[in-house]
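Enquirer: Any chance you can model this:
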Amino acid sequence: MSTIFFLLFLGCNGGSNSSNDTTTATEAPAVLDLVGSEIAFNPVIRFSTASECIYDNTLATENTFPKPSDGAISAPYVAEKNGDTITITISPTDASFGEDLVLVITDWVDLDNDQLIDQFSVAPTLGDDTPLPAMTGQFTVNPPSLPNSSVNTASLPDFVGGDANRSPTLSEWNNYVVGKQLVFIYIDGSVSTLSISSGTSYTTIDSSGNTITGTYDYDMASDSQGKLTLFEENISTSYNLTDSSGYALSAVYESDKIRTTTSRTAIYDLNFYNTNEIWSASNPNPKAGGLGIHFLRTKDETITTVDSVSTTTNLTLSGTPEGSLRLYSDSTLLN
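Expert: Okay, here's the model as predicted:
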């Protein structure tokens, strides 16, 4: 495996998956098999060496776990395996802690029978405090394989659970990404999710809570880079309720109907090779969402057509990484 182990904790209630095609391991994976992985259920914890990790809780919306004022901090840790359990003890020196954070992880489950572990149960404790109720967590980047499985992770890219530091091929995308959720975590802390329904379509929720269905195209641009192009179209109708002088019409006819079509095209560059923190010259601490596969938009264009008159709007883009991309089996963990 590679030399980095991620943990992401977002939302304390965890998530679930009702698939019938599940396998539960009777033995925990080897500690070293977790290196390079990321799991989700509240702070972000990145195991950068065999004894040092980065703890980042900037994305959490509550105060269940400590929030260092510097955002991300370094801390020593120890991981031990005993049968079906892995116990991870993190010992930060930051003033926001004061006690060790202990994670007892069990119940390793493969939800979709690809021989890669998707979720687990975790009981966290701060020092001598009473353990919090067990929570459901899941691997969101580079999940380990089930013990004694036949899957060959050496040839798979990191993003879908392998050891190869490269972007997925189209075939790998269809096998390991379709049916799951892509979660874009921006450096300002905002989050958007695409539920990948098929090899060409997705659904998402807009800021008003409306469900949007779109189509997409994924290409492996190079070993280190992928390109994701999104297409969305929304058609709505309304009626002109006033006359040319601004007075309310006494009756509305079909000829008063206004048809509005909104078409959006967004192109994302996905840097599968770079999983380091995203840094800012004005803020040397890692930004929220800065761990994981970097993404940036090279185009975000919306064409709005009212009847036969069209207006094109192009967002001004920074040209620098906007955040990091993660792969969820159940993105309700974010809630």
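Enquirer: Tyr216 and Glu232 touch, don't they?
Expert: No: with contact defined as C-beta atoms under 8 Å, Tyr216 does not reach Glu232; the gap is 9.5 Å. C-beta here means a position set from N, CA and C on the backbone, and glycine is covered the same way.
Enquirer: quick one: the strands in the stretch 201-335 of the chain?
Expert: For the stretch 201-335 of the chain, applying DSSP state E, counting those that start in this stretch gives strands covering 201-205, 211-220, 225-239, 257-271, 293-306, 309-314, 323-328.
Enquirer: so what does the last one touch, helix or strand wise?
Expert: Applying 3 or more C-beta pairs under 8 Å, 6 or more residues apart in numbering; DSSP states H and E, one finds that strand 323-328 makes contact with strand 38-40, strand 135-141, strand 181-186, strand 293-306.
Enquirer: How confident was the prediction at Ser155?
Expert: pLDDT, Ser155: 81.
Enquirer: Roughly how far does it sit from Ala164?
Expert: 6 Å (C-beta to C-beta, to the nearest Å).
Enquirer: Which one's more surrounded, those two?
Expert: The residue with more neighbours, out of Ser155 and Ala164, is Ala164; 18 against 11, by other C-beta atoms under 10 Å.
Enquirer: quick one: the more buried one and Thr153, what's the gap?
Expert: Distance of Ala164 to Thr153, computed by C-beta to C-beta: 9 Å.
Enquirer: winner for burial among the helices and strands packed on strand 323-328?
Expert: Comparing the helices and strands packed on strand 323-328 by mean neighbour count (mean count of other C-beta atoms under 10 Å), strand 38-40 comes out on top with a mean of 27.
Enquirer: So what's the model's average confidence on it?
Expert: Averaged across strand 38-40, the pLDDT comes to 75.
Enquirer: now stretch 87-98
Expert: Throughout stretch 87-98, pLDDT has a mean value of 91.
Enquirer: what about it, how long is it end to end?
Expert: 19 Å (C-alpha to C-alpha, to the nearest Å).
Enquirer: my guess is Ser329 contacts Asp114, does it?
Expert: No: contact criterion C-beta under 8 Å: Ser329 and Asp114 do not qualify, at 10.6 Å.
Enquirer: A helix includes Ala154, no?
Expert: Yes: assessed by DSSP: H, G, I helix; E, B strand; the rest coil, Ala154 belongs to a helix.
Enquirer: what number of residues lie near it?
Expert: Count around Ala154 with other C-beta under 10 Å applied: 9.
Enquirer: Let the chain start at 17 from now.
Expert: I'll keep to 17 as the first residue from here, and by that count the last item is Ala170.
Enquirer: wouldn't it be in contact with Asn181 here?
Expert: No: in this structure, Ala170 is not within contact of Asn181 by C-beta under 8 Å, at 11.6 Å.
Enquirer: re earlier: most tightly surrounded among the strands of the stretch 217-351 of the chain?
Expert: By mean count of other C-beta under 10 Å, the strands of the stretch 217-351 of the chain have strand 339-344 as the most buried, with a mean of 25.
Enquirer: Quickly list what the closest residue to Pro184 other than its chain neighbours is bridged to.
Expert: Distances taken as C-beta to C-beta, 6 or more residues apart in numbering place Pro173 nearest to Pro184, at 5.0 Å, with adjacent residues excluded. Beta-bridge partners recorded for Pro173 (DSSP bridges): Ala180.
Enquirer: related to what we said a few turns ago, so for Ser345 and Asp130, which sits in the more crowded spot?
Expert: Using other C-beta under 10 Å, the more surrounded residue of Ser345 and Asp130 is Ser345, with 22 against 19.
Enquirer: Nearest to Thr109, out of the helices and strands packed on strand 339-344?
Expert: strand 54-56 (23.6 Å; C-beta to C-beta).
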